[in-house]
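1. from the sequence below, what's the structure:
(chains A and B)
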Amino acid sequence: MKLLTATFTMFFLLLVSAVHAQKVADLYEQVKSAYQAGDHQKTVELCNRIIRQCEQSYAEPECRYTDVMKNVYLYKGFSEYRLYTENEDLELLTEAIQSLQQSYNLYGDPDVAFNFGYMKTLHAIKVQQGDQLDGLVAAWDGILGLYADNEWKLSDDLIKKLKIFVKQAVELTITPPDTAYTTGRFASFMVRLACDLAEKGNLSREDRLFFDIYRKRATEDNFNLRGNEWRARGFAAEETFKNAPDDFNYRTTRTYLELALRYAKSVERQVEILKELTKVALYMEQNSTDRQSESELLYAREKAAQAYRLLVERRPNISMELEDEIKKVYGNAIYRLVDYYFSLADSTDRLNAYYKARRVGEELLVPDRNGGWRQKFKWDGYEDLYLRLADVGYETGDAGFAVDMVDKAWKAALRANRVSQSQICSGIDPEKAANLIPFVDVYQQIARRFGLQTVLHWLRPIRTCLVTQANLSLLDNQE
Amino acid sequence: MNCETQFGRRQTKRLQPMPGDVSAMKIKVMLWVSLFVIIAAVSVGQAQVPSVESDLERLMIRYEEKVLHAYQEKQTLVHQPNSHLELAAFDSIISAYTKRVLEIYETLNRIKGFTLENYRQIASRSLILRALAYVENPQLDPEKARRACMDYRRALLLTKSSKIPIISQQLPYEVWIDNRLYTRLADLIDERDFRRVLLGCMRTTKESGKK
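-> This is a model prediction of the structure:
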């Protein structure tokens, strides 16, 4: 009786399983329809069923057909990738990579190699493992295969793939942003290879520009793809920041430029980035509503000082324009900080503010031959710093310093306006005259305070001439 | 006049071909045309075969250049710490291009049934560069050493018939490493195969041959 029951149960179970188990061929048809309908979850489930069924000891013949099984893994992989893009679940991405690799092992389609290479690199970027380079290698192998398949001609699709490849190589190089896991040399080489290949095709203007730009980034600064990419991102962020100078854009720009500085290989690149950081901080201080003036100015001074130090000590091979710009931002940073502390004298400890301003200003001063002080270098606007320091000398009662500074300010102003002292009363440009008046005023003020009668005697006719010249233009304008 | 008419009639008669003559003429024309077509096709075919070969040869040279380019680029990393993953990636790229050089070599061999010395030299140089790339790695695993030996032996075998061994031949390009110029593969092997792996693998072959 027992034997009969057992036999009946087994027969029943076999019948049930036979009813439930569908043929692989039918399942494969369903997979195709589900994939074409965009039902990715169902595609994955059906593919898994096929794979499970094929793993059984008495597998159906379709399980041995390469064309069927490579497609099963392909549909599964692509569907898993689609599901990953919806859920951002990295396990799905790993599954997708494995499925495509299986498909590639069955049938070496270079397109599949490119796709799983792409996914591997994407995975590496997502998990912040910038040293996982095998994705790039697989994708490049795929590209070479596709190129050969296409009779060594570049199709639009291949150009698109090359662009994707380049973007991924760059992204992988700067992953993670703060810690370089690789030297970046391999990624730079791969970008150059991709650009070499792309150049063999008929590229559109935009595509040509794309590859030119990335070739430059992969080559400049001793093949410093990482540093160059941060620099490019920094400059792009700077543009955005200038249009909308808020805290977020400022932080973003500073972060990118600081990363560019960290990874810069040459002194030339370092001084350039330091100059840019100074400019950004000064712009923030001047234009933003959420600025913290003192910290921005201190930051600007620090970066500019570093740039100047490199300029003097390492003598980088840079253009005269860049050198002038570095000097200008350094001078400006000092001037603005002096001005900031000077303006604080109204609200805080007066003398301390003046001394602070003077100490900052002295950073740019070196002794001259006449027992006074001069600025280390001439920069566009250096007369204003002398004038402000003269004010400081006036307020602190340091006659020698004040007179020395104001005299240098006056001479610098004449030089900046390209005017000779002897010319003033014989007629100069009214605009220049107007520019010079504040300098004479401060000079006279200081001379009066410290009882320098002869100086006053010398300045009086000069001021009269300047005022006359400036007023003449005013009258002309009124007429 | 009559005569003329007669003549004319006769002429007309001669000009009117018999139905059998028409078919014979057609056959003749068709034969000539088909002969012409066959000759043209053969000549075009003959013209295309060298074109495929020269295309493949050009590609082979280009890929050999890429092998060299990747090999030279890799040298910048050999002495850098923590660059083993990048070195391995470079090896993969060198291998990918070498694989393609060998693939073209095999195809050329299939097309002609034999290969020119030039093709053998290109394949051989690529194999030696790949072998060198394997053995130069600071961390040499036995698998890479085995592969390097295989490549090296195959390279020497390919150019066995050369009057001058491939490694002693003047290279058709310059190899610059650490500001040093190499013009022969032998110099490169002497300098870059620090552990004498390639030398060792030839010794093993001889010993195993004796046994």
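2. what residues does chain B have near chain A?
-> B:55, B:59, B:66, B:70, B:73, B:76-77, B:80, B:83, B:85-86, B:88-90, B:92-93, B:96-97, B:100 (CB under 8 Å from any CB of the partner chain). Placement of C-beta: from N, CA and C, glycine included.
3. try it again at 6 Å.
-> B:73, B:76-77, B:80, B:83, B:85-86, B:89, B:92, B:96 (CB under 6 Å from any CB of the partner chain).
4. near chain B, which residues of chain A?
-> So chain A meets chain B at A:131, A:133, A:137, A:141, A:182-183, A:185-186, A:189 (CB under 6 Å from any CB).
5. tell me where the stretch 251-400 of chain A has helices.
-> A:267-287, A:293-313, A:320-344, A:350-362, A:382-396, A:399-416 (DSSP state H, counting those that start in this stretch).
6. can you give me how far the fifth one is from the chain middle?
-> To tie it back to what came earlier, the one meant is helix A:382-396. With CA atoms, centre = their mean, to the nearest Å as the basis, helix A:382-396 stands 37 Å off its chain's centre.
7. thinking again about what came up before, just the residues of chain A next to chain B: which are in helices?
-> A:137, A:141, A:185-186, A:189 (DSSP state H).
8. which of those residues sit farthest apart?
-> The span of these, defined through CB to CB, is set by A:D141 and A:R185 at 19.5 Å.
9. shouldn't B:T115 be within a strand?
-> No. Counting by DSSP: H, G, I helix; E, B strand; the rest coil, B:T115 falls outside a strand, being coil.
10. that one: what's it in contact with?
-> B:T115 sits next to B:108-109 when contact means CB atoms under 6 Å, 6 or more residues apart in numbering or on different chains.
11. ok, it to B:I122 distance?
-> 10 Å (CB to CB, to the nearest Å).
12. now A:V329
-> On the measure of CB to CB, A:V329 and B:I122 end up 55 Å apart.
13. now the helix or strand hosting B:A186: average pLDDT?
-> Assigned by DSSP states H and E, B:A186 belongs to helix B:185-192. With pLDDT averaged residue by residue, helix B:185-192 scores 91.
14. which strands and helices lie in contact with it?
-> helix B:117-136 (3 or more CB pairs under 6 Å, 6 or more residues apart in numbering or on different chains; DSSP states H and E).
15. ok, and what's touching the helix it packs on?
-> Contacts of helix B:117-136 (CB under 6 Å, 6+ apart): B:60, B:64, B:67, B:71, B:78, B:91, B:94, B:98, B:101-102, B:105, B:108, B:144, B:147-148, B:151-152, B:154-155, B:158-159, B:166, B:185, B:192-193, B:197.
16. ditto for stretch A:142-157
-> A:110, A:113-114, A:117, A:158, A:201.
17. please apply the same query to stretch B:76-92.
-> Contacts for stretch B:76-92 (CB under 6 Å, 6+ apart): A:131, A:133, A:137, A:182-183, A:185-186, B:70, B:74, B:133, B:136-137, B:139.
18. need the worst-confidence member of these.
-> B:Q139 (78).
19. nearest spatial neighbour of that one, skipping sequence neighbours?
-> In this structure, B:Q139 finds its nearest non-sequential neighbour in B:H84, 5.9 Å apart by CB to CB, 6 or more residues apart in numbering or on different chains.
20. same thing with A:D207?
-> Here the residue nearest A:D207, using CB to CB, 6+ apart, is A:I159, at 6.0 Å.
21. now the one you found: how far from A:R205?
-> For A:I159, the distance to A:R205 - CB to CB - is 13 Å.
22. what do you get for A:N105?
-> 41 Å.
23. repeat for A:A413
-> 50 Å.
24. more neighbours: those two, which one.
-> It is A:A413, of A:A413 and A:R205, that has more neighbours when counted by other CB atoms under 10 Å in any protein chain shown, with 23 against 7.
25. dump the residue contacts of the residue nearest to A:A357 when sequence neighbours are not counted.
-> Leaving aside its chain neighbours, A:A357 sits nearest to A:Y341 (3.7 Å; criterion: CB to CB, 6+ apart). Applying CB under 6 Å, 6+ apart to A:Y341 gives the contacts A:353, A:356-357.
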